[in-house]
Structures are given as C-alpha cells and as structure tokens.
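Undergrad: Here is the input, now give the coordinates:
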Amino acid sequence: MPRRLCSLALALGLLFTLSLLAGAAAMTSRTLDVQIEVFRPLGILGIGRYVPLDARFLTVEIGSLGADDAAALRQATATCGETATASPECAALATLEQTFLRRYAADPILGSTYRVALTNKTDAPLGVVLSIDGRNTNGGQTATGTAEDRKWVLAPRQTTRIVGWQVSTDQALAFRFETPSRSQGDDPAARGTLRVDVYLPDPSVDGTRGTGAGSVVDQPTVLVPFSSLTSAPVDVFSLSTTRTAVPLGILCGETGGVGVRVTRVLAGTIAELRGLQAGDVITHLNALPVNTCGDLSAALAGKRPGDRVVLKVHREGRDFLVMLEVED
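TA: Got it, this is the predicted structure:
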C-alpha cells in the first residue's frame with residue numbers, strides 16, 4: 001500500500017542533520033546516484049539521524065532518443081569533435097545513446113520525514129527534476145516530464161540533499177510519507193511515486209536558467225545557467241512506495257466465532273498509528289458484521305485508497321471504534 005509523499009511546513013534549517021549512515025544501495029545510473037534517507041528519532045527530544053531507505057530494483061526500460069533529440073545530439077557531437085580539447089559537457093554526451101527508465105520499489109514508514117540525496121557522477125553540470133506525487137519539488141507545479149520542467153542544477157561531482165518543497169528562497173515544506181488523503185499530488189495515478197529526471201547540458205548554449213541545488217540547504221536559492229540538450233530526460237528513476245500487504249495494514253486470522261483476530265500489525269501503517277494491536281478482534285466494519293477474513297476482504301473490495309472505514313474492535317473486555325484510511 002502506497003506511502004503517500006506529502007509535506008508539513010518547516011523552515012529548511014530545522015530539517016537538516018549532519019548525521020548520515022552508509023547502508024542501503026543507492027539507485028544509480030551512469031549520470032546520477034539517488035538515495036532516499038529517512039529520519040529515525042533516537043529519543044523524545046526530536047534528536048535523531050537520517051538513514052538510507054532500501055529501494056528494491058524492479059525493472060529497466062531502454063528507449064531511443066526522439067528524432068529531434070537525436071538530431072540535437074548529432075549536431076552537438078559534431079561541434080564537440082571540432083574542438084581541440086573536449087569539454088566536460090562533450091564528454092558527458094559521449095555516453096548518450098539510449099534513454100533509461102529504472103523502476104524501484106520501497107516500503108517506507110508512515111509519518112516519517114525523509115530527504116532525497118542526489119550525486120552528480122559526471123564532470124559536467126546536470127539538470128535534475130525531482131517530482132513527488134507528480135509535482136515538481138522546485139516550485140510545486142505539475143511535472144510534465146519534459147525539459148520545460150524547472151530543474152535543480154547539480155555542479156560536477158556535487159552531492160546535495162533536497163529536504164522539501166521549495167516554496168520561497170529560504171523555506172520548504174518537509175517531505176513526509178503520508179496517507180493518500182494528505183498527498184500533495186492532484187493526479188491519483190501519480191500518488192505514492194517519486195521520480196527523478198536527468199538532463200545533460202547543451203555544450204553550445206549558455207542560456208536558460210535553473211536553480212542551484214546546493215543552495216537549498218542553508219542559504220537563499222540562486223539561479224545558475226543551464227540549457228538541456230534534449231527535450232526529454234536521458235535518465236529517469238521511478239520509485240513506487242507501494243506495499244503488497246493487507247489494505248488496512250493488518251494481517252487477519254479466524255476466531256471460529258464472532259469477529260476476526262488481528263494477528264499482526266505492520267510497522268509504519270495507519271493501523272499502527274491508530275493503536276491497533278495483535279490480538280484485537282474486529283467485529284464490525286462500517287457497522288457491518290465481520291466474522292471471517294473473507295468478510296473483511298469483501299467489505300474492502302469496493303474501497304479505494306484514501307477511503308475511510310470505521311472498525312469496531314474488541315480488546316480485553318471492552319469495545320471501541322477506530323477510523324482507518326484504506327491503503328493500496
């Protein structure tokens with residue numbers, strides 16, 4: 001079930017930490033490394049550290065450049081060949097033959113704050129579009145998947161960490177894994193996804209401008225020159241934060257009588273946040289009796305992510321109601 005990527009308003013300075021652990025492998029390509037880092041609190045005072053989120057590789061799709069982009073590449077390559085010494089921008093183009101779409105999946109913890117670490121692996125600047133739930137984090141507009149999207153510009157070999165939606169020169173909305181109804185995205189099909197589009201610079205143009213990614217951390221943003229060679233991204237990372245478990249975040253067991261037993265509550269789900277526990281017995285869903293796991297599945301069959309249901313729960317001689325939000 002997707003952990004929706006949403007946000008809460010906080011100043012940038014409050015969102016950053018120097019503590020970082022090596023761990024889960026980054027999503028990687030020939031141009032860029034992408035790592036999702038999740039904040040893990042260590043106590044009640046809000047002190048903690050960011051740790052890498054394990055992203056599981058799923059598939060890679062290899063595509064061809066469009067006709068216009070292929071023509072632009074041929075022209076740029078020919079121009080580069082006329083120079084005595086190849087520039088870093090020309091060297092970056094030498095690897096450009098196909099486009100790549102890499103798909104990953106992750107299982108994050110609901111309510112956790114996170115950030116996205118981007119590392120430029122080339123000796124040329126890169127234009128990077130980071131979109132969450134279909135919205136561009138650099139300005140908040142709907143991402144189009146083309147060079148028209150506003151980009152973060154990474155200097156050669158630079159590593160930067162984007163900690164939230166850029167809403168002003170010195171503030172952002174913190175990234176949080178949230179429930180469907182709190183998603184910042186307008187397109188339901190894009191919710192629960194994080195996407196990174198990578199653009200290589202045009203060696204012959206010093207024109208259009210982007211936002212320097214490094215400045216988002218601790219100083220006002222600045223505009224820096226960047227012009228993409230292609231109209232479409234040359235590298236794309238797509239991360240789906242989708243679980244494959246029960247929509248309510250619980251595992252169901254039969255009681256042989258009235259209700260069904262919660263045999264396990266999955267960490268980081270809405271069920272855990274609402275206080276359900278293993279051993280609880282669910283007797284009703286939206287006032288309808290539930291006596292088997294089949295009854296529970298049938299009651300959820302027509303629900304969509306974000307729909308809310310009310311459970312009547314029996315625990316240790318008392319009954320109470322719990323409202324949960326259905327996840328995928």
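
Undergrad: Buried residues in the longest helix along the chain, which are they?
TA: Across the chain, the longest stretch assigned as helix under DSSP state H is helix 67-81. Within helix 67-81, the residues that count as buried by 16 or more other CB atoms under 10 Å are 69, 72, 73, 76, 80. (Glycine included, C-beta is placed from N, CA and C.)

Undergrad: Please apply the same query to stretch 48-57.
TA: Applying 16+ other CB under 10 Å to stretch 48-57 flags 50, 51, 52, 53, 55 as buried.

Undergrad: next one: phi and psi at the third one?
TA: Right, residue 52. Here is the backbone geometry of residue 52 (degrees, to the nearest 10): phi -70, psi 140.

Undergrad: Measure how buried the residue nearest to residue 323 when sequence neighbours are not counted is and give me the count.
TA: In space, and not counting its chain neighbours, residue 323 is closest to residue 310: 5.3 Å by CB to CB, 6 or more residues apart in numbering. Using other CB atoms under 10 Å, residue 310 has 13 neighbouring residues.

Undergrad: And residue 310, how far from residue 320?
TA: 11 Å (CB to CB, to the nearest Å).

Undergrad: Can you report how many residues lie near residue 37?
TA: 23.

Undergrad: Could I get the contacting residues of it?
TA: 20, 50, 51, 52, 53, 114, 115, 116, 117, 161 (CB atoms under 8 Å, 6 or more residues apart in numbering).

Undergrad: Please name the nearest non-neighbouring residue to the residue nearest the centre of the chain.
TA: Using CA atoms, centre = their mean, the residue of the chain that lies closest to the mean C-alpha position is residue 194, 3.0 Å off. Take residue 194 and drop its neighbours on the chain: the residue closest to it by CB to CB, 6+ apart is residue 239, 4.3 Å away.

Undergrad: separation between that neighbour and residue 312?
TA: Applying CB to CB to residue 239 and residue 312 gives a distance of 37 Å.

Undergrad: out of the two, which sits in the more crowded spot?
TA: Taking other CB under 10 Å, residue 239 and residue 312 do not tie; residue 239 has more neighbours (26 against 19).

Undergrad: Was I right to think the more buried one contacts residue 53?
TA: No. Counting by CB atoms under 8 Å, residue 239 stays clear of residue 53, with 9.1 Å between them.
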